[in-house]
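Peer 1: Need coordinates for the below:
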Amino acid sequence: MTADPETRLRADARRNRDQILAAARVIFAAQGPEVPMEEIARSAGVGVGTLYRRFPDRDALIRAVAVDNFDRVLRDAKAAKDQESSDWDALIRLLHQSMELQLSIQLAMVSPRALVILTSDPAIKALRDELLLVMEAFVRGAQAEGRLRADVATGDVAILFATVLRQMPGKGEEVARMATRRCIGIMIDGLRAADSNEPLPGRVLTAADLNP
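Peer 2: Numbering: from 1, shown residues only. Predicted coordinates for the structure are as follows:
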């Protein structure tokens, strides 16, 4: 029994959309968001007309890539919450797994256009806020477990992570990924509760401090 034409059409549309998003993520990461739309369509294996039917302009494509990225990270966070035995382990897993955020952070730093989209789009804001709530639960839980230092909050962790995920200029992908993994390891050691922790300057940074 074969699928009816309408079902096949919907499946084709979903496949085209997924291919376009995958191609855009790779190209945006390598070259920034101002790459010609024709190049993205060619990389995705679709026609330019198909790309514009799915994403009528560049802003729509940037928005869709960012939503896809944040949604992936949020799913990672929820999986960590369900599968890990402690909040500290869930937080560490999230920090190691969530390099998907690297593209969104890069776009925000190198493109004023992308920054406006990332800070003003309601769907992106909703995903970001939900992710921060999950992360805040991890932070408070890990502190209650005595494994995360007490003088940090969710904003501290998020800003540290965003700083670590900045793309290394002029480096190959392998070196950049290795450097990111090493920096995350160093960051985790700094977050770990220990008698030798030096007091941090200023006050803790909360999720509210991340609002534009």
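
Peer 1: Break the protein into its domains for me.
Peer 2: What automatic domain parsing lists as the domains of the chain is 9-56, 67-210.

Peer 1: Just put these in JSON lines and tack on mean neighbour count.
Peer 2: C-betas here are computed from N, CA, C, even on glycine. Listed next are the domains of the chain as JSON lines, based on neighbours: other CB atoms under 10 Å:
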{"stretch": "domain 9-56", "mean neighbour count": "16"}
{"stretch": "domain 67-210", "mean neighbour count": "16"}
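
Peer 1: By mean pLDDT, show me the worst of those.
Peer 2: For these, mean pLDDT drops lowest on domain 67-210, to a mean of 85.

Peer 1: roughly how far is it from the heart of the chain?
Peer 2: 9 Å (CA atoms, centre = their mean, to the nearest Å).

Peer 1: Can you give me the first-to-last residue distance of it?
Peer 2: 18 Å (CA to CA, to the nearest Å).

Peer 1: can you offset everything so residue one is 89?
Peer 2: Happy to do that; since the first residue is 89 now, the last one works out to domain 155-298.

Peer 1: Assumed residue 284 was part of a helix.
Peer 2: No - counting by DSSP: H, G, I helix; E, B strand; the rest coil, residue 284 falls outside a helix, being coil.

Peer 1: How about residues contacting the strand or helix carrying residue 227?
Peer 2: Using DSSP states H and E, residue 227 sits within helix 210-232. Helix 210-232 is contacted from outside by 151, 154-155, 158-159, 161-162, 165-166, 168-169, 174-176, 178-179, 182, 205-207, 236-238, 240-242, 245-246, 281, 295, 298, using CB atoms under 8 Å, 6 or more residues apart in numbering.

Peer 1: where's residue 272 relative to residue 164, distance?
Peer 2: 14 Å (CB to CB, to the nearest Å).

Peer 1: should've said residue 156
Peer 2: 13 Å.

Peer 1: show me the contacts for the nearest residue to residue 281 once chain neighbours are set aside.
Peer 2: Distances taken as CB to CB, 6 or more residues apart in numbering place residue 237 nearest to residue 281, at 4.7 Å, with adjacent residues excluded. Residues near residue 237 by CB under 8 Å, 6+ apart: 231, 279, 280, 281, 282, 285.

Peer 1: rewinding a little: next secondary structure element downstream of the helix holding residue 227?
Peer 2: Next along from helix 210-232, by DSSP H and E: helix 242-252.

Peer 1: Now do that following helix and helix 210-232, the angle between them.
Peer 2: 110 degrees (axes from the mean of the first three to the mean of the last three CA atoms, to 10 degrees).

Peer 1: helices or strands up against helix 242-252?
Peer 2: Helices and strands touching helix 242-252, by 3 or more CB pairs under 8 Å, 6 or more residues apart in numbering; DSSP states H and E, are helix 175-185, helix 189-198, helix 210-232, helix 261-279.
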